[in-house]
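In: sequence and predicted structure are below.
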Amino acid sequence: MKFLAISGSGRTVSTNTAMLMAVSKIAQPDHQITVFSDVAGLPVFSPDAEREPLPQSVQAFVDLIRESDGLIISSPEYVRAIPGGLKNAIDWLVSRDEIIGKPIALMHASHRGDDMLAQLRLVLSTVSDRFTDEPFFRIGLMKLSPEEIARVMLEPANQTDVARYIQVFADYCG
């Protein structure tokens, strides 16, 4: 099964991106996970820009979503809310067919962020009738380097939890 893992962070060295990269390695070879970490590269959404052809970066993002069997989203919390870059990425999808019925699940790389997660759950359940709260994977990785995150994620217990998460999500995707 092919999953697209979307990092909601606009940072070059992102905790969420590092976690998703580690998850993509743990999931192999049973499932293919492609990490999209360029929400900052998408232009600001405007309904006026939705006409064909879409901006190249948006078209590439839409194509990745179309080609995936499900989406995994991991995002930081900014001021108790969804980061602007991730919300902008979702806004580009609102009126598109690629997101409707697309299975979506969350991962979270922090012990905090519940306000953002509640908002994200509301937004995602609005754009796709296949958003699910289960499975949900959460691990505290804040303030760790990408190398430290990779090491933590490769600990046997974490590998087992990630593999279980991926399998439950794959079963949900059907």
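Out: That came through, no problem.

In: A105: neighbouring residues, count only.
Out: Residues lying near A105 (other C-beta atoms under 10 Å) number 25. From N, CA and C alone the C-beta is placed, and that goes for glycine too.

In: next one: it from I73, what distance?
Out: 8 Å (C-beta to C-beta, to the nearest Å).

In: quick check: longest strand of this protein.
Out: Ranked by residue count, the top strand of the chain under DSSP state E comes out as strand 131-138.

In: can you point out the buried residues in the helix or strand just after that one?
Out: Downstream of strand 131-138, the first helix or strand assigned by DSSP states H and E is helix 146-153. The neighbour-count check on helix 146-153 (16 or more other C-beta atoms under 10 Å) flags P146, I149, V152, M153 as buried.

In: touching, the last one and S24? I think so.
Out: What that stands for is M153. No. Counting by C-beta atoms under 8 Å, M153 sits too far from S24 to count as a contact (10.3 Å).

In: pull the number of nearby residues for Q59.
Out: Neighbour count for Q59, taken as other C-beta under 10 Å: 13.

In: show me the contacts for it.
Out: Counting by C-beta atoms under 8 Å, 6 or more residues apart in numbering, Q59 touches P53.

In: any idea which helix or strand carries it?
Out: Assigned by DSSP H and E, Q59 belongs to helix 56-67.

In: helix 56-67 and the helix or strand that that helix is followed by, what's the angle between them?
Out: Using DSSP H and E, the helix or strand that follows helix 56-67 in sequence is strand 70-74. Strand 70-74 and helix 56-67 are oriented at 120 degrees to each other (axes from the mean of the first three to the mean of the last three C-alpha atoms, to 10 degrees).

In: just to revisit the earlier point, pull out the buried residues from the helix holding Q59.
Out: V58, F61, V62, L64, I65.

In: looking at the residues you listed, which one is closest to L86?
Out: F61 (11.8 Å; C-beta to C-beta).

In: gap between that closest one and L20?
Out: 15 Å.

In: again, but for R51
Out: 31 Å.

In: also M142?
Out: The value you get for M142 to L20, if C-beta to C-beta is used, is 15 Å.

In: so these two - more neighbours on which side?
Out: Taking other C-beta under 10 Å, M142 and L20 do not tie; L20 has more neighbours (28 against 12).

In: might you report the residue contacts of that one?
Out: By C-beta under 8 Å, 6+ apart, the residues touching L20 are A5, S7, I33, V35, S37, I72, S74, M107.
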